[in-house]
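S.K.: Need a 3D model of the sequence below.
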Amino acid sequence: MAARTDLFQSPDYYRIDELLTEEHKLIRDTVRNYVKKEISPIIEDYAERAAFPEHIVKQLGDLGCFGPTIPQEYGGGGLDYISYGLMMQELERGDSGVRSTASVQGSLVMFPIHAYGSKEQRKKYLPKLASGEWLGCFGLTEPNHGSNPSGMLTNIKDAGDHVILNGAKMWISNAPFAQVAVVWAKDEAGDIRGLVVERGMEGFSTPTTHGKWSLRASATGELVFDNVKVPKENIFPNVKGLKGPLGCLSKARYGIAWGALGAAMDCYDTALRYSKERIQFDRPIGGFQLQQKKLADDVKIIAPAQSPDQVEGGILTYTENTPRLNLELPAQFRAGHSFKTDLNRNSDTINSGNTDSAAEISKYNQRPWKK
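M.R.: This is a model prediction of the structure:
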């Protein structure tokens, strides 16, 4: 398959760039250029073959896309949440599976180790995960417990200086290539506990999930635990109960919101460019009012959403760096907060709205609306 040339130009009708710091712009442009050079030319081929481009893991680590908000002492970037969001925006603009790889690594693996783990656990795992030397995965969903994680059957039993882990997790991103897994299981008292399971532990396997119709360039698999001996020092000491995994998912949803924005921006840019190139009735289809309306409707969704994603980043950065007191958030962080969910609700409209253009673009294997 011929490599795709990435001609993306970012829509910024509300001049949102003026709200970004120079550091934010540098981070965004660095990741954007990386996607144009390393992701866009190859991703269609990997998606067609349902293969994971494993070589990008180290690249993403070198770029700082794994755990960018983790403190530098543990290998992270020590950046704010707007920087993290901009990274996820640009990665998903290239491919949703690539963004998923980074989101899982940062929000679902590195975050709980840092937030819930011991100092020893942080020192052991976080630097290797941040650099891309190791890839991690997050085990919560089970074959019979998806929307009801509290009903999980995966369990640990005390066995002296270690616990015995049994059970299974399903639909786990990164699983087939992961060196470590953050796993949630019930102890003998029925409390949900988090622990780190390492590849190579006897009885631990990660079969690959085949036949996916979406996120085909993302690696998905299962986690199977058959009497796995896990040292007690691998159990998170600072969290107990469902609040542990749900706290991780809250962090992940923030990156996903930025990712939806990136996908929408790419869909709009692709449709706009094609509307200027496709000739019908002796003129570009972009000259017809119906196409213009569709493109304008897309902008009405994208532009108002760009600022609130930064608002959400300000909220997260502010609250994580403020003592846990009963403080009121600054007004600029409160304004427009609900737009984040509105974007996710409307992203399908953008991704499927330009159906006429999509039918033609698909002939050339350019399928951004399928993200």
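S.K.: What are the structural domain limits within the protein?
M.R.: Following automatic domain parsing, the chain resolves into domains at 16-135, 137-234, 243-370.
S.K.: I'd like the ones you listed laid out as a markdown table, including mean pLDDT, distance to residue 10 and mean neighbour count.
M.R.: In short, each C-beta sits where N, CA and C put it, glycine included. Shown next, in a markdown table, are the domains of the chain (pLDDT from 0 to 100; distance: least, C-beta to C-beta, whole Å; neighbours: other C-beta atoms under 10 Å):
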| stretch | mean pLDDT | distance to residue 10 | mean neighbour count |
| --- | --- | --- | --- |
| domain 16-135 | 96 | 8 | 21 |
| domain 137-234 | 97 | 23 | 18 |
| domain 243-370 | 71 | 6 | 17 |
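S.K.: Show me the one of these that comes nearest residue 5.
M.R.: domain 16-135 (7.4 Å; C-beta to C-beta).
S.K.: Quick one: end-to-end length of the closest one, please.
M.R.: 34 Å (C-alpha to C-alpha, to the nearest Å).
S.K.: and what of stretch 150-162?
M.R.: For stretch 150-162, the end-to-end distance is 24 Å (C-alpha to C-alpha).
S.K.: Equivalent analysis for stretch 59-75, please.
M.R.: End-to-end for stretch 59-75, by C-alpha to C-alpha: 15 Å.
S.K.: and that stretch, how far out from the chain's middle?
M.R.: A distance of 14 Å separates the centroid of the chain from that of stretch 59-75, by C-alpha atoms, centre = their mean, to the nearest Å.
S.K.: Residues contacting it, please?
M.R.: Residues from elsewhere that reach stretch 59-75 (C-beta atoms under 8 Å, 6 or more residues apart in numbering): 27, 30-31, 34, 38, 76-81, 83-84, 87, 91, 98, 101-102, 105-106, 110-111, 114, 122-123, 126-133, 320.
S.K.: Identify those among the residues you listed that sit within helices.
M.R.: 27, 30-31, 34, 81, 83-84, 87, 91, 98, 101-102, 111, 114, 122-123, 126-131, 320 (DSSP state H).
S.K.: Let's verify residue 272: helix, strand, or coil?
M.R.: helix (DSSP: H, G, I helix; E, B strand; the rest coil).
S.K.: can you pull the contacts of it?
M.R.: For residue 272, counting by C-beta under 8 Å, 6+ apart, the contacting residues are 11, 286, 295.
S.K.: how close does the first one sit to residue 21?
M.R.: Just to be clear, that refers to residue 11. 20 Å (C-beta to C-beta, to the nearest Å).
S.K.: Then the last one?
M.R.: Summarising the geometry, the distance separating residue 295 from residue 21, computed by C-beta to C-beta, is 30 Å.
S.K.: Going along the chain, name the helices of the stretch 201-350 of the chain.
M.R.: 243-277, 289-320, 331-334, 339-353 (DSSP state H, counting those that start in this stretch).
S.K.: before we move on, the earlier item: so for residue 7, which of the domains of the chain sits nearest?
M.R.: Closest among the domains of the chain, using C-beta to C-beta: domain 243-370, at 6.6 Å.
S.K.: Residue 14 is in contact with residue 305, isn't it?
M.R.: No - taking C-beta atoms under 8 Å as the definition, residue 14 is not a contact partner of residue 305, at 9.8 Å.
S.K.: which residues are in contact with both of those two?
M.R.: In contact with both residue 14 and residue 305: no residue, using C-beta under 8 Å, 6+ apart.
S.K.: is it true that residue 193 lies in a strand?
M.R.: Yes - Residue 193: assigned to a strand according to three-state DSSP.
S.K.: Kindly provide the distance from it to residue 158.
M.R.: 11 Å.
S.K.: next one: residue 19
M.R.: On the measure of C-beta to C-beta, residue 19 and residue 158 end up 53 Å apart.
S.K.: What of residue 52?
M.R.: From residue 52 to residue 158 the distance is 37 Å (C-beta to C-beta).
S.K.: mind listing what residue 248 touches?
M.R.: 107-108, 111-112, 138, 182.
S.K.: which secondary structure element contains residue 11?
M.R.: Per DSSP states H and E: residue 11 is located in neither a helix nor a strand.
S.K.: pLDDT at it, what is it?
M.R.: If you check residue 11, the pLDDT there is 87.
S.K.: how many neighbours does it have?
M.R.: 19 (other C-beta atoms under 10 Å).
S.K.: Settle this for me: it is touching residue 303, isn't it.
M.R.: Yes - using C-beta under 8 Å, residue 11 is in contact with residue 303, at 7.3 Å.
S.K.: Next, residue 70: secondary structure please.
M.R.: Per three-state DSSP, residue 70 ends up coil.
S.K.: Distance check, it against residue 237.
M.R.: Distance from residue 70 to residue 237, by C-beta to C-beta: 18 Å.
S.K.: Leaving aside the residues adjacent along the chain, what's closest to residue 32?
M.R.: residue 90 (4.7 Å; C-beta to C-beta, 6 or more residues apart in numbering).
S.K.: Thanks a lot, catch you later.
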